[in-house]
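Q: Need coordinates for the below:
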Amino acid sequence: MEYTRLGNSDLIVSRICLGCMSFGNATGMQNWALNYEESEKIIKYALDNGINFFDTANCYSNGSSEEYLGRALRKYTKR
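A: I've put the predicted structure just below:
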């Protein structure tokens, strides 16, 4: 995996970013959203392949995308 500095910060991130918009509780018209188990598989695959840059927002599936990402990161990364 290739990494780069994020802007002028000291953060080093993968050049590939995993978008997490499809993760979360399916609500309303978002019947395409992935449940936690499916989301976790994708997040783990990304981590196993060196991805450390994730795009999520509190508006993705009413915040459950962020919750799913946080749960998986807690499970698979060291602090």
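
Q: and stretch 25-41, average pLDDT?
A: The predicted model gives stretch 25-41 an average pLDDT of 82.

Q: Residues in contact with that stretch: which ones?
A: Defining contact as CB atoms under 8 Å, 6 or more residues apart in numbering, one finds that stretch 25-41 is touched by 20, 22-24, 42, 61-62, 64-65, 68-69, 71-72, 75. Quick note: C-beta positions are derived from backbone N, CA and C, even for glycine.

Q: mind checking the backbone torsions on Gly52?
A: Residue 52: Asn, not Gly. Comment: the main-chain dihedrals of Asn52 come out as phi -130, psi 20, following degrees, to the nearest 10.

Q: I figured it was touching Ser14, is that so?
A: Yes. Between Asn52 and Ser14 there is a contact under CB atoms under 8 Å: 5.2 Å.

Q: residues shared between the contacts of the two?
A: Counting by CB under 8 Å, 6+ apart, the shared contacts of Asn52 and Ser14 are Tyr3.

Q: Serialize the contacts of stretch 25-41 to TSV and add fields for neighbour count, secondary structure and distance to Tyr3.
A: Putting the contacts of stretch 25-41 into TSV (neighbours: other CB atoms under 10 Å; DSSP: H, G, I helix; E, B strand; the rest coil; distance: CB to CB, whole Å) gives the following:
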residue	neighbour count	secondary structure	distance to Tyr3
Cys20	23	coil	20
Ser22	15	coil	25
Phe23	27	strand	23
Gly24	24	coil	27
Ile42	16	helix	20
Ser61	25	helix	29
Asn62	15	helix	32
Ser64	21	helix	29
Ser65	26	helix	24
Tyr68	27	helix	24
Leu69	21	helix	19
Arg71	14	helix	25
Ala72	22	helix	20
Lys75	11	helix	23
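
Q: quick one: the strands in this protein?
A: Applying DSSP state E to the chain gives strands spanning 3-5, 12-14, 18-19, 54-55.

Q: Next, format these as a markdown table and append distance to Asn35, mean pLDDT and mean neighbour count.
A: Supplementary listing: the strands of the chain in a markdown table, determined by distance: least, CB to CB, whole Å; pLDDT from 0 to 100; neighbours: other CB atoms under 10 Å:
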| stretch | distance to Asn35 | mean pLDDT | mean neighbour count |
| --- | --- | --- | --- |
| strand 3-5 | 31 | 97 | 12 |
| strand 12-14 | 25 | 97 | 15 |
| strand 18-19 | 17 | 96 | 15 |
| strand 54-55 | 18 | 96 | 16 |
